[in-house]
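>>> this one's structure only:
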């Protein structure tokens, strides 16, 4: 026990030292890294919720965000409202999409082999991205908003401030999920189901209903997160795929079921990524660092698990 | 002529986290010998077998086979060296038929060709009293499953064989059948056999020597008649109820 | 002691064989358009077969596109920088991809289940990013062009090439299904602990399967690139090369040599027509097939037929 604690302290120390060094080198790297970490953590948290409770890796996770972004995009365009107003419709719609996806697909595979679950959610991901492709073509879409260009200057460094919103979003999602899991009856039931589905069934928890609601909540959150994503980034049907992988990496790094650690793993990966980008000629290689880290993290995680 | 091989351990120890599951065990098994391994639940019997078969590697201590330290050899190599075992919870390979399940040992531990492996597997199955060998394993009854489990272990050409609660779930006639088979094979092939059992009748009928484990340690060893009267063994089995009386 | 075949299955085998030869030779008689469709079907057929060969060990790969793309680039680079003959570049691509798969596999084959699956997905991405950034060798984001295409674009010749590769792939798959490989991979899939105790070196067999199937994907990628004479990071590593083979293999039936073949022939031909009617998003069909097959007939068409035949023979 104390050994892992010591390891965590050493690791934490290294991270703080690295952060200070990076800040002294190029302050914007740290600022953009933190902003990006907010985005990554926000996206990864709902995946962690599903993995922790339903024990399924939802390979359609990034696609849920993509679908949500498209819904908000078209709502906001056709109603002429701000995306954040449209979000009030998108989130409940995505909640419904979550219920639908669970009832139609995942519910039939929760007790099946892991391979089938993976292939199934991969199939769902493909259906979602191709459906959007079919309906809207693969053209890139973006909403231009005035307020996203907001910036601030400290000393001689000037940087965009809008993306701090993602940090707030991640914090809100994390706190919201923690409160849900610990303070509400439904959340406590979900925690119990996640730890031991058979036991939960014996004490009278409706496992299928809990799974449905958890998937729906995750999808609903993706409705909100997808809207935030849209306000800043361009969207296209395949935009979600990379986020599925990144989210899985973050969840695996944090340890399945450990939501707060996702924030820490997001910080590490995002700052590493933005550091590479800051090196001249490094911007093209930044994604490579991320994927190499994915493999490294998964390898060390699973080694620890097996030994 | 019997080979002069021997399996032994020196202070074999494994701990999981803080729990020492097997604690400085010195165990040995000689050709043609049938040894009982008994003890209450959680005593470390199956863990000991897993250490010998290479599914776990010891935290400290050694496993020695034919004067060679095999402590770090992986499981598949130990199967090839001649350490065979059955599993307490039997998992037949459900996508292979009965005979194909048995063929694996001939194919991989002994390196036979497919045709030879099939003939050899059929022979072992018949030796154990199995028939209709192309059946899917889902169609086997419990006795047949146990017989197949022994056949699978024999297919690796073991020099020592560990049977982990192979009698569990069998009725008394079936148990007798399996006892006869094990005795016959052990004497015919000069096998050293380690038997983990909860049914003391089986231990009495089958074994010449018994090792009693409790809390990962050997607390007694000797012929069944002797150890069954050992007060330490009695107290281990009676457990907390006995402690409370003290 | 081999199980004797019933007369019914012997007849079925013959019918199937004759039909197979007919379907395979048909495009040679029917002209360039049919040959183009046939080439495309065979491309995905080989990918589907190779994917199935690996999943027989229980290891699910989402990395087909990665090795396909790597093979494409290996072939085009060999043609561009070394002036190697097109047909030889196929061989080279197979060797290069096999070496990469051996190096990568020696590490990632320690992983299981979701960890392995997602790592293979990430691998495909890594290959693409490296190639995209390696400007002065690969041509970077713009890709690279060959001065000509294989066999000077002769449709019948390229079709024949793909047919030969297809037959080789099916032969490899049959070898996996009827040899020691079948026992090793099935045992590993069903229960690794039992497999080890039978003396199976799990790591070795997984590595063999991974290297062979990856090399197959690399050779297909190479032949594809040679047919069109160019590569780009986006098109050569396209997700389709993972998605479509998966759908075909599932539809036909996993864990058999003939499932992916049946799936590829039926859906491949169907897919070519769909492409004409819905150019955008015709791929949704493959996604839907994956979902529907898993939910409604997880053993695919071959599984259904086998179950039906068993019923008939038991009646």
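Received it, and whenever you're ready, just let me know what you need. Being a predicted model, the structure only gives us computed values, none of them experimental.
>>> going forward, measure contacts between C-alpha atoms and count neighbours the same way
Fine.
>>> For residue A:126, see how far away the residue of the stretch 1-150 of chain A at minimum distance from chain C is.
Going by CA to the nearest CA, chain C is nearest to residue A:134 of the stretch 1-150 of chain A, at 4.3 Å. Going from residue A:134 to residue A:126 by CA to CA, to the nearest Å gives 12 Å.
>>> Residue C:153 is in contact with residue C:36, correct?
No: using CA atoms under 8 Å, residue C:36 is not in contact with residue C:153, being 11.0 Å away.
>>> With neighbour numbers in mind, choose between the two.
residue C:36 (17 against 14; other CA atoms under 10 Å in any protein chain shown).
>>> Skipping adjacent residues, who's closest to residue B:147 in space?
Using CA to CA, 6 or more residues apart in numbering or on different chains and skipping the chain neighbours, the partner closest in space to residue B:147 is residue B:128 (6.2 Å).
>>> State the distance from that neighbour to residue B:205.
Applying CA to CA to residue B:128 and residue B:205 gives a distance of 19 Å.
>>> So which of the two has more stuff around it?
Shown here are residue B:128 and residue B:205; by other CA under 10 Å, residue B:128 has more neighbours (20 against 13).
>>> got a list of what the more buried one touches?
By CA atoms under 8 Å, 6 or more residues apart in numbering or on different chains, the residues touching residue B:128 are B:147-148, B:151, B:181.
>>> Would you mind giving both backbone torsions of it?
With angles defined as degrees, to the nearest 10, residue B:128 sits at phi -90, psi 0.
>>> Which pLDDT value does the model give it?
The model reports residue B:128 with a pLDDT of 91.
>>> next one: residue C:208
98.
>>> The strand or helix carrying it - contacts with which helices or strands?
Taking DSSP states H and E as the definition, one finds residue C:208 inside helix C:202-228. Applying 3 or more CA pairs under 8 Å, 6 or more residues apart in numbering or on different chains; DSSP states H and E, one finds that helix C:202-228 makes contact with helix C:32-55, helix C:64-82, helix C:86-108, helix C:155-178, helix C:180-190, helix C:192-197.
>>> which regions of chain C lie under the pLDDT threshold?
For chain C, applying pLDDT under 70 flags the ranges C:1-6, C:8, C:281, C:314-315.
>>> For it, which residues are neighbours of chain B?
Neighbours of chain B within chain C, by CA under 8 Å from any CA of the partner chain: C:1, C:3, C:179-180, C:183-184, C:186-187, C:190-191, C:193-201.
>>> let's see it at 6 Å
With CA under 6 Å from any CA of the partner chain as the criterion, chain C comes near chain B at residues C:190, C:196-201.
>>> so residue B:158, which of the three states?
Under DSSP: H, G, I helix; E, B strand; the rest coil, the three-state class of residue B:158 is coil.
>>> remind me which residues of the chain are low pLDDT?
With no chain named, the answer covers chain A. Low-confidence segments of chain A, defined by pLDDT under 70: A:1-4, A:301-307.
>>> The chain in question should be chain B.
Where chain B drops to pLDDT under 70, the residues are B:1-5, B:238-246.
>>> Let me see the residues that make contact with the longest strand seen in it.
Secondary structure assigned by DSSP state E gives strand B:7-16 as the longest strand of chain B. In this structure, residues lying in contact with strand B:7-16 by CA atoms under 6 Å, 6 or more residues apart in numbering or on different chains are B:20-29, B:58-65.
>>> which one of the contacts of residue B:128 is nearest residue B:37?
Nearest to residue B:37 out of the contacts of residue B:128 is residue B:181 (CA to CA; 18.8 Å).
>>> where do the strands sit along chain B?
Under DSSP E, chain B gives strands at B:7-16, B:19-25, B:28-29, B:34-38, B:60-65, B:68-69, B:83-85, B:160-164, B:192-196, B:209-214, B:217-222.
>>> Buried deepest among these, which one?
strand B:83-85 (a mean of 29; mean count of other CA atoms under 10 Å in any protein chain shown).
>>> How far does stretch B:217-226 sit from its chain's centre?
Stretch B:217-226 sits 18 Å away from the centroid of its parent chain (CA atoms, centre = their mean, to the nearest Å).
>>> ok, now stretch B:224-237?
Relative to its chain's centre, stretch B:224-237 lies at 22 Å (CA atoms, centre = their mean).
>>> Just the residues contacting the longest helix that chain B contains, thanks.
For chain B, the helix that runs over the most residues, judged by DSSP state H, is helix B:172-189. Residues from elsewhere that reach helix B:172-189 (CA under 6 Å, 6+ apart): B:32, B:167.
>>> hmm, 10 Å instead?
Identification of contacts with helix B:172-189 by CA atoms under 10 Å, 6 or more residues apart in numbering or on different chains yields B:2, B:31-34, B:127-129, B:142-144, B:146-147, B:150, B:154, B:157-161, B:163, B:166-170, B:190-193, B:195, B:202-203, B:205-207.
>>> Which helix or which strand is home to the residue nearest the centre of chain A?
In chain A, the centroid-proximal residue (CA atoms, centre = their mean) is residue A:43; its distance is 1.7 Å. If you go by DSSP H and E, residue A:43 is part of helix A:27-53.
>>> try residue C:254
Residue C:254 belongs to no helix or strand, assigned by DSSP H and E.
>>> do the one 5 residues further on as well
When elements are assigned from DSSP H and E, residue C:259 belongs to helix C:258-277.
>>> For that helix, buried residues please.
Neighbour-count burial for helix C:258-277, counted by 16 or more other CA atoms under 10 Å in any protein chain shown, picks out C:258-265, C:267-269, C:271-272, C:274.
>>> re earlier: out of the helices and strands packed on helix C:202-228, flag the one nearest residue A:197.
Using CA to CA, the nearest of the helices and strands packed on helix C:202-228 to residue A:197 is helix C:180-190, at 23.9 Å.
>>> what residues are up against residue 101?
This is for chain A. Per CA under 10 Å, 6+ apart, neighbours of residue A:101: A:95, A:107, A:121, A:124, A:212, A:215-216, A:219.
>>> not quite, I wanted chain B
With CA under 10 Å, 6+ apart, residue B:101 has these contacts: B:92-95, B:121, B:133, B:136-137, B:148-149, B:151-152, B:155, C:183, C:187, C:194-195, C:198.
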